[in-house]
Each structure stands twice: as C-alpha cells, then as structure tokens.
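A.B. asks: Below is the structure, and that's it, no one-letter string:
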Ligand code: HEM
C-alpha cells in the first residue's frame, strides 16, 4: 500500500462514490500482481522492462513505486539515482551467485520483504588495487 490519503472532495473512482474525507489507500501490491496488466506477474523477471515504455515517475499507473500526483515522492530523482549507483557499484565490483533456491515468498509487515532472506555469495571481479584507487 502507498501511504494513506484523504479525498478532499466527493468523487467517483471506477463507478464507486467516494465521499469527501474518505481515507483511501492505493494498493500497489495488488496492481503489481495484476495478470491483466503484467505478463507472468508472480515471476521474478526484470527483463520485462527491457523494451517497456512503462515509466515509474507517476504517469503510468501500473507501476507507482513513488506514488503519483500532488503528493508524489519529492525524493524520486535522488531515490532512482541512489539505487542505480548502488546497484552499478555492487555489480561492477562483485560477481554474485545465489546460494540455494530463490524463494520469492513474502512476509507481511509495514514493508514487503522476503519470508526467507536471499543468501548470495560474492566474489571480487576487479583487482583489489583498482578498488583502492576508486574515489566514489
Ligand atoms: C527508492 C527510494 C524511494 C522510494 C521508493 C520512495 C517512495 C515514496 C512513496 C511511495 C511516497 C508516498 C507517495 C504518495 O503519497 O502517494 C513517498 C513520499 C515521500 N518521500 Fe519518498 N521514496 C524514496 C526516496 C525518497 C528520498 C531519497 C527522499 C528525500 C530525500 C524522499 C522523501 C519523501 C517525502 C518528503 C515524501 C512525502 C511527500 C508528501 O507527502 O507530500 N523519498 N516516497
């Protein structure tokens, strides 16, 4: 779920009347698993985005990691850049392999996380001396 919002005026969503003041939740968890929107929605298949035009900046409602509209996350650009930088560094410096089966079963809580933590083995893929000369 995204953070709760309240309707500041009476409106209709999908034919449902929403009275003013109603607290509403956008269930991005369910949207992300909707088979009418996503092919093989439960499969870990990041390649689905390779030729996709779906953008995550709040205009395409099938993917709303930062919310949308007036209260969209103001840290969106910093968030995206930080994730790119972190991932790029982890992939540049290490070779990764999963130990055992990857189990995508989720556990419920404030944040959606894996019921069984992912265990991975890493191996340096660049010479250590090179790493010591890197400044960022
Ligand atoms: C990958 C990183 C991040 C994700 C996935 C994320 C996601 C979100 C989401 C889903 C919301 C709620 C949007 C809504 O109400 O519909 C939100 C709100 C917010 N985020 Fe982020 N965020 C990220 C990084 C950041 C960063 C780096 C900052 C600040 C430096 C930030 C500051 C905020 C603030 C202040 C709000 C409240 C905005 C408001 O209610 O008007 N976020 N974020």
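C.D. replies: Arrived safely. All values reported here derive from a predicted model rather than from experimental measurement.

A.B. asks: Could you use CA atoms for every contact and neighbour count after this?
C.D. replies: Noted.

A.B. asks: Assumed residue 130 was part of a helix.
C.D. replies: Yes - counting by DSSP: H, G, I helix; E, B strand; the rest coil, residue 130 is located in a helix.

A.B. asks: Can you give me the neighbour number for it?
C.D. replies: Applying other C-alpha atoms under 10 Å, we find 9 other residues in the vicinity of residue 130.

A.B. asks: Just the strands from the chain, written as ranges.
C.D. replies: Per DSSP state E, the chain carries strands over the ranges 5-6, 11-13, 16-18, 23-24, 94-98, 106-107, 113-114, 120-124.

A.B. asks: State the distance from residue 129 to residue 32.
C.D. replies: Using C-alpha to C-alpha, to the nearest Å, residue 129 is found at 43 Å from residue 32.

A.B. asks: Counting neighbours, go ahead and name the busier of these two.
C.D. replies: Neighbours per residue, other C-alpha under 10 Å: of residue 129 and residue 32, the larger number sits with residue 32, 17 against 8.

A.B. asks: check contacts around the more buried one.
C.D. replies: 38, 41, 62, 63 (C-alpha atoms under 8 Å, 6 or more residues apart in numbering).

A.B. asks: ok, of these, which come out buried?
C.D. replies: 62, 63 (16 or more other C-alpha atoms under 10 Å).

A.B. asks: and residue 122, bridged to which residues?
C.D. replies: residue 96 (DSSP bridges).

A.B. asks: number of nearby residues for it?
C.D. replies: Residues near residue 122, counting by other C-alpha under 10 Å: 13.

A.B. asks: Please tell me I have it right and it contacts residue 91.
C.D. replies: No - counting by C-alpha atoms under 8 Å, residue 122 sits too far from residue 91 to count as a contact (10.0 Å).

A.B. asks: So for the longest helix along the chain, mean pLDDT?
C.D. replies: Secondary structure of the chain per DSSP state H: the longest helix is helix 76-93. Averaged across helix 76-93, pLDDT comes to 96.

A.B. asks: hmm, who's touching that helix?
C.D. replies: Against helix 76-93 from outside (C-alpha under 8 Å, 6+ apart): 57, 66, 124, 125, 126, 131.
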